[in-house]
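Asks: can you look at this prediction? I've put the sequence above it.
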Amino acid sequence: MIKEFFSKERAEKERKEFFEKIKNHFIKTEDSTYTYRDPQIQETMHSVTGAYDESIYKFCIPSVIEKRKYLLDLFSGFGYNASAALEMNPQLKIDMIEKDPEILLMGLLIPDISEAHRKIKGAIESSLYDAGFIKNRVYESPENVHLFIEDALEFRFRDIYDVIFHDAYSPEKDWKPYSLNFFKKLYKVLERTGVLITYSSSSAMRATLLEAGFYIWASKPHRRKRSGTIASKIDLKLRNLSKKEERIIALTDLGVPYIENRDVLRKKLRNRTLFSSSIKLCFENIYNFGEKSNISERERNRAERSIKRMELTEEEIKYIVCPQYEKCICGMCHRRYKNTTERIKEMKFRLLKLKGINNK
Ligand SMILES: C[S@@+](CC[C@H](N)C(=O)[O-])C[C@H]1O[C@@H](n2cnc3c(N)ncnc32)[C@H](O)[C@@H]1O
């Protein structure tokens with residue numbers, strides 16, 4: 001329907017009228033901007049608490065966008081993230097990548113939010129026009145923004161960026177944008193002091209970032225309990241993950257990175273090489289060291305079973321989780337571990353070492 005509408009020249013007024021006709025296919029979010037629920041993926045493109053609000057609080061603010069020079073805006077969709085970034089930093093150079101022309105055409109129809117949004121629409125329109133998806137242009141195309149209508153996973157990167165927005169559908173719906181191969185590619189195109197930002201807090205996704213060589217940090221939660229993720233190439237001394245989150249990534253099968261046949265590998269490793277995710281905070285309660293936390297009887301039973309099947313002694317468990325404590329509790333450390341990334345790596349190393357695997 002949308003492709004057909006754009007098969008003729010369409011003035012701005014006509015586009016507005018057409019949007020009014022089809023707007024029941026969109027969802028108005030709490031900040032009055034629109035999102036769309038992808039029928040195939042079965043997920044909305046943005047948070048219903050505010051599509052544009054999400055761009056500002058989950059991407060622009062955590063990346064300190066006003067200090068950045070060159071943004072790689074992956075999975076650009078309606079262009080909200082790029083618009084918010086340009087609004088906060090008008091000099092920013094931006095490369096956008098989105099593979100679906102229909103989503104981009106929808107992005108042209110949604111109401112303008114700001115002058116920056118009109119500029120982003122100009123860049124979207126220019127690429128759609130060049131590729132033959134539309135017959136006329138109504139927006140001015142900015143010089144500092146370019147949209148590539150391509151599959152980001154196959155994209156041949158030519159530049160180096162100091163900020164990357166990674167805004168794909170959730171990894172539970174589509175893991176490929178979070179795969180180890182893709183993150184390794186992104187590592188290479190990120191400047192030394194740059195940051196990669198995603199709204200996702202998935203443990204597997206974070207484990208994949210670590211495996212690709214990044215440091216990982218938590219961004220400040222916005223309108224939900226869980227924080228997004230900031231990845232960097234150097235120790236930026238940002239917010240660490242919680243003890244529980246670190247443990248899940250380091251020690252359980254949820255922390256197996258996104259690679260082909262991940263599910264088979266998880267099953268093979270669970271309760272033999274890696275704990276099942278039921279352990280979370282349970283070591284303290286079961287072995288009575290460190291601070292105790294509230295766990296239910298059911299949680300405790302599941303954790304006890306997993307710990308038993310892993311065949312590790314109390315001393316060995318203390319050795320594994322020791323990097324998370326301010327002072328050594330195992331009597332075998334020569335140093336302390338100052339951030340999430342160091343702690344996860346060391347805990348995983350210790351567990352695998354006890355299981356006879358050398359992963360340094
Ligand atoms: C969560 S939405 C992104 C919303 C967007 N960042 C915005 O500001 O409006 C995810 C988008 O990724 C696109 N996408 C999914 N896989 C892709 C791929 N491999 N390459 C490029 N775009 C992709 C989808 O078409 C969809 O528009």
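Replies: That came in fine, so what should we check first? The structure presented is a predicted model; accordingly, all values stated were derived computationally and were not measured.
Asks: and the chain, what are its domains?
Replies: Here the domain parsing of the chain from automatic domain parsing is 2-232, 243-354.
Asks: nearest residue to the middle of the chain?
Replies: For the chain, residue 198 is the residue whose C-alpha lies nearest the centre (CA atoms, centre = their mean; 2.9 Å).
Asks: excluding sequence neighbours, find me the nearest residue to that residue.
Replies: In space, and not counting its chain neighbours, residue 198 is closest to residue 166: 4.3 Å by CB to CB, 6 or more residues apart in numbering. Glycine gets a C-beta too; all of them are placed from N, C-alpha and C.
Asks: low pLDDT regions in this structure?
Replies: Within the chain, the stretches with pLDDT under 70 are 290-291, 359-360.
Asks: show me which residues of it are close to the ligand?
Replies: Residues of the chain lying close to the ligand (CB under 6 Å from any ligand atom) are 45, 55, 75-81, 97-100, 103, 151-153, 167-169, 177.
Asks: name the SS class of the residue of the chain found nearest the ligand, please.
Replies: Nearest residue of the chain to the ligand, counting by CB to the nearest ligand atom: residue 77, 2.8 Å away. Assigned with DSSP: H, G, I helix; E, B strand; the rest coil, residue 77 falls in the coil class.
Asks: so what's the gap between the longest strand along the chain and the chain middle?
Replies: In the chain, assigned by DSSP state E, the strand with the most residues is strand 190-198. Centroid separation between strand 190-198 and its chain, computed with CA atoms, centre = their mean, to the nearest Å, is 12 Å.
Asks: likewise for stretch 292-299?
Replies: Offset of stretch 292-299 from its chain centre (CA atoms, centre = their mean): 30 Å.
Asks: now that stretch: buried residues?
Replies: Under the neighbour-count criterion of 16 or more other CB atoms under 10 Å, stretch 292-299 has 295, 299 buried.
Asks: picking up where we left off before, can you pull the buried residues of the longest strand of the chain?
Replies: 190, 194-198.
Asks: now do that strand: everything it contacts.
Replies: The contact list for strand 190-198, computed with CB atoms under 8 Å, 6 or more residues apart in numbering, reads 58-59, 62-64, 68, 160-167, 186, 205, 209, 214, 219, 228-234, 236.
Asks: now do stretch 272-280
Replies: Stretch 272-280 is contacted from outside by 244, 247-248, 251-256, 270, 295, 299, 302-303, 305-307, 309-310, 351-352, 355, 357, using CB under 8 Å, 6+ apart.
Asks: buried residues in that stretch?
Replies: In stretch 272-280, counting by 16+ other CB under 10 Å, buried: 273-280.
Asks: can you give me the end-to-end distance of it?
Replies: Terminal residues of stretch 272-280 are spaced 17 Å apart (CA to CA, to the nearest Å).
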